[in-house]
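J.: Any chance you could fold what I've pasted below:
(one chain, ligands or ions: 2)
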Amino acid sequence: MAKQLKINGDVFVPMISERKIKTRIRELARTISKAHRGTVPVFIGILNGSFIFFADLIREITIECEVDFLKLSSYGDAKISSGNVHLLKDLNCQVEGRDIIIVEDIVDSGLSMQYIHDLITRQNPASFKVVTLLYKPESVKTNVQLDYVGFTIPPDFVIGYGLDYAQRERNLKSIYKLKA
Ligand code: IMP
Ligand code: MG
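T.: Ligands and ions are numbered 1, 2, ... in the order given. Okay, here's the model as predicted:
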């Protein structure tokens, strides 16, 4: 893990190591597999940010499951949410009667998760659960329930492990935060 990164004049410092992420994902997968034993849930990854977390989490899941993806509008190139959420790619699966588990990279304002919650629950799933790798409780403006949280973090801007800065840095193996 590099000590710090300089990107477009901004300095980012290490926050969560590759090893810590890996350990936490194993724990989350164990808890989720146990809680959903006997069902065949559909894991829904929210693109783009969750793609790495999704791929790592799903390989640690030990029960039968299906996968699908939703793509929502992003921050654009800014470091703060526009607050406008649009659907860029809908699901292919049928939601009605299924056990749905949403997989997100991060819950910041919570507006995206509120949108996802409303979109999915309108379609009458058997159950609706949320797993997010990161959660910024001090930034959240909605009250959608988060069932499984990887790490609770301060309201810093973070990058790496799927999370972008102006679409770049998603391929970093660990998570960095913008230096205050
Ligand atoms: P929301 O504000 O909770 O709606 O978050 C919307 C989306 O913005 C998340 O799913 C992430 O993909 C992205 N996002 C939120 N916070 C950060 C951050 O600190 N770094 C990079 N992307 C973020
Ligand atoms: Mg996201």
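J.: can you give me the strands for the chain?
T.: All strands of the chain, identified by DSSP state E, fall at 5-7, 10-16, 42-47, 66-72, 87-89, 99-107, 127-135, 148-152, 158-159, 175-178.
J.: Now tell me what touches the last one from outside.
T.: The set of residues that contact strand 175-178 without belonging to it, under Cβ atoms under 8 Å, 6 or more residues apart in numbering, is 4-5, 10-16, 21, 79, 134, 153, 156-161, 163, 169. Glycine gets a C-beta too; all of them are placed from N, C-alpha and C.
J.: of those residues, list those near ligand 1.
T.: Restricting the contacts of strand 175-178 to those within reach of ligand 1 (Cβ under 6 Å from any ligand atom) leaves F157, V158, I159, L163.
J.: Turn those into a markdown table, columns for neighbour count and distance to ligand 2.
T.: Converted to a markdown table, these look like this (neighbours: other Cβ atoms under 10 Å; distance: Cβ to the ion, whole Å):
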| residue | neighbour count | distance to ligand 2 |
| --- | --- | --- |
| F157 | 17 | 14 |
| V158 | 24 | 12 |
| I159 | 24 | 13 |
| L163 | 22 | 8 |
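J.: what's the closest of those residues to H86?
T.: L163 (19.5 Å; Cβ to Cβ).
J.: pLDDT score assigned to the residue of the chain found nearest ligand 2?
T.: Per Cβ to the ion, G49 is where the chain lies closest to ligand 2, at 3.3 Å. G49 is assigned 96 on the pLDDT scale.
J.: any idea how far ligand 1 is from the closest residue to it other than its chain neighbours?
T.: In space, G49 comes closest to D105 once its chain neighbours are excluded; the distance is 3.6 Å by Cβ to Cβ, 6 or more residues apart in numbering. As defined by Cβ to the nearest ligand atom, to the nearest Å, D105 lies at a distance of 5 Å from ligand 1.
J.: D105 against I159, yeah?
T.: No - between D105 and I159 there is no contact, the gap being 10.7 Å when judged by Cβ atoms under 8 Å.
J.: What is the neighbour count of T23?
T.: Summarising burial for T23: neighbours were counted as other Cβ atoms under 10 Å, giving 11.
J.: Could you tell me which residues make contact with it?
T.: Under the contact definition (Cβ under 8 Å, 6+ apart), no residues are listed for T23.
J.: try V107
T.: Taking Cβ under 8 Å, 6+ apart, we find V107 in contact with M113, T132, L134, Y135, K136, V140, V144, L146.
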